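[1] generate coordinates for the sequence data below:
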Amino acid sequence: MVIIENSSMAFKLLNGVFCIYKPSDLHHRILRWALRTNLCRDLNELPRASAQSLVKIEPPDENSSEYRVTTVPDIRDHPLLLGPAFEKTDFNIRIAHFGVTEMAGVTVCGVGARGVGALRSMSHRNPVCTYHIQGKFGLRTTNYLQTGRVLERTTFSHVTRGRLERFLTFYQGQFQRHIQSSYGVDPRSQTAYELRARGLVRPRDDSLQLIYRLKLVDFQPPYFTVEVHCINETDTFLMKMINDIAEDCKCSAVVTRLRRIRCGNFTLEHALVRSDWTAAGIITNIQECAVAADREMALLDEPFLQRIPAETLEERERIPNVLRLVRE
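    Next up is the predicted model:
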């Protein structure tokens, strides 16, 4: 446990990656403003570092024939002269994967030069995120959300839990084939087996959305909840996926709740609730998230599979090592 003696010490400790729980209907700009406001308020309430004394040399006078060295308070460091020690612009805060305003859940942030730099590096390789998406059958809107303008109303009494789970399994298989096609590998080849045997396979292109798992966690018509493990996702992609699944079930659906429960190595256990968005809470959270941040940074050195150009698929099958292990 770190004992904070003054505001300058607290400001130096605000340098790293931390995790918060973002409420829904909160824009990322308002979120950044709230964090800066809380940090500025808390640090200005802490005592300042002791002001330095001003050394003064007095010449000889009628009472003394020698020079005298004395110290007096330096009024240049007086709070009434300087004003508040910190302003909102003194805190450099970066937010990763903020999504739409309606999205809630785990949000990774960085503060200070070290935190912002680490967060920028981690953003180059999008982490695998987990979402709980709640949908509602029977509606179709302009923006795939319940708050959008209604375009269509459909019946959903024919949709059962088993039927919905079968479509989710089908969708999961379709996305798994995309990762192999991005490397130009036949799914039935030995090369594809070796590709999957290496562990979690990430898409070569950062613009390729990939779903690793789809699971139905709750089904109470008209509401249902789907757990999604994905990478390179966008909010529009996730909401449209719910709409597409409902279309395959011969109905329509909208998103009523979008919640992220995991972002890479950061989980709900790391996330700070809104009442803990204080200087003391963030400093403590930076230390608690250090292990998760180090694991995310280690992914930057993870070997990546790169495709070797070949003329045809048959020629690639004749080459023993079609894929080679390189470091980006």
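
[2] domain-wise, how is this protein divided?
    With domains defined by automatic domain parsing, the chain comprises 1-48+55-127+265-302, 128-263.

[3] output those as a markdown table; include the columns mean neighbour count.
    C-betas here are computed from N, CA, C, even on glycine. Output for these, formatted as a markdown table (neighbours: other CB atoms under 10 Å):
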| stretch | mean neighbour count |
| --- | --- |
| domain 1-48+55-127+265-302 | 16 |
| domain 128-263 | 17 |
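
[4] I'd like these as JSON lines, with mean pLDDT appended.
    Output for these, formatted as JSON lines (pLDDT from 0 to 100):
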{"stretch": "domain 1-48+55-127+265-302", "mean pLDDT": "87"}
{"stretch": "domain 128-263", "mean pLDDT": "88"}
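
[5] dump stretch 144-157 to CSV, restricted to CA.
    Presented in CSV, the C-alpha positions along stretch 144-157 are these (Å, rounded to 0.1, in the frame of the first residue of the first chain):
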residue,chain,number,x,y,z
TYR,A,144,-30.8,-2.0,-34.7
LEU,A,145,-31.5,-0.5,-31.2
GLN,A,146,-34.8,-0.4,-29.3
THR,A,147,-34.6,3.4,-29.3
GLY,A,148,-34.6,3.6,-33.1
ARG,A,149,-37.5,4.3,-35.5
VAL,A,150,-39.6,1.1,-35.9
LEU,A,151,-39.6,-0.2,-39.5
GLU,A,152,-41.3,-3.5,-39.0
ARG,A,153,-43.2,-5.7,-36.5
THR,A,154,-43.1,-9.5,-36.8
THR,A,155,-44.3,-12.5,-34.9
PHE,A,156,-41.8,-14.7,-33.1
SER,A,157,-43.9,-17.5,-31.5
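
[6] quick one: that stretch to chain centroid distance?
    Per CA atoms, centre = their mean, to the nearest Å, the displacement of stretch 144-157 from the mean C-alpha position of its chain is 30 Å.

[7] now stretch 284-299
    With CA atoms, centre = their mean, you get 12 Å for stretch 284-299.

[8] neighbouring contacts of it?
    2, 13-20, 111, 115, 118, 121-122, 125, 127, 264-266, 270, 272, 276 (CB atoms under 8 Å, 6 or more residues apart in numbering).

[9] which of these fall within strands?
    16-20, 111, 266 (DSSP state E).

[10] make a markdown table out of those and add distance to Gly148.
    Below are the ones in strands among the contacts of stretch 284-299 laid out as a markdown table (distance: CB to CB, whole Å):
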| residue | distance to Gly148 |
| --- | --- |
| Gly16 | 39 |
| Val17 | 35 |
| Phe18 | 33 |
| Cys19 | 30 |
| Ile20 | 27 |
| Val111 | 35 |
| Phe266 | 30 |
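
[11] tell me which two in those residues are the farthest apart.
    Distance extremes for these: the farthest pair is Val111 and Phe266 at 15.0 Å, using CB to CB.

[12] just the CA atoms of stretch 214-234, as PDB, please.
    Provided in PDB are the C-alpha atoms of stretch 214-234 (Å, rounded to 0.1, in the frame of the first residue of the first chain):
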ATOM      1  CA  LEU A 214     -21.600 -17.800 -29.800                       C
ATOM      2  CA  LYS A 215     -23.600 -19.000 -26.800                       C
ATOM      3  CA  LEU A 216     -27.200 -18.600 -25.800                       C
ATOM      4  CA  VAL A 217     -27.200 -17.800 -22.100                       C
ATOM      5  CA  ASP A 218     -30.800 -16.800 -21.600                       C
ATOM      6  CA  PHE A 219     -34.100 -17.300 -23.600                       C
ATOM      7  CA  GLN A 220     -37.300 -15.700 -22.300                       C
ATOM      8  CA  PRO A 221     -39.300 -14.600 -25.300                       C
ATOM      9  CA  PRO A 222     -39.400 -12.000 -26.500                       C
ATOM     10  CA  TYR A 223     -36.100 -11.400 -24.800                       C
ATOM     11  CA  PHE A 224     -32.900 -13.400 -25.300                       C
ATOM     12  CA  THR A 225     -29.200 -13.000 -24.300                       C
ATOM     13  CA  VAL A 226     -26.300 -14.100 -26.400                       C
ATOM     14  CA  GLU A 227     -22.700 -14.300 -25.300                       C
ATOM     15  CA  VAL A 228     -20.200 -13.400 -28.000                       C
ATOM     16  CA  HIS A 229     -16.400 -13.900 -28.100                       C
ATOM     17  CA  CYS A 230     -15.000 -11.800 -30.900                       C
ATOM     18  CA  ILE A 231     -12.100  -9.800 -32.200                       C
ATOM     19  CA  ASN A 232     -11.900  -6.700 -34.400                       C
ATOM     20  CA  GLU A 233     -15.600  -6.100 -33.700                       C
ATOM     21  CA  THR A 234     -17.500  -2.900 -34.000                       C
END
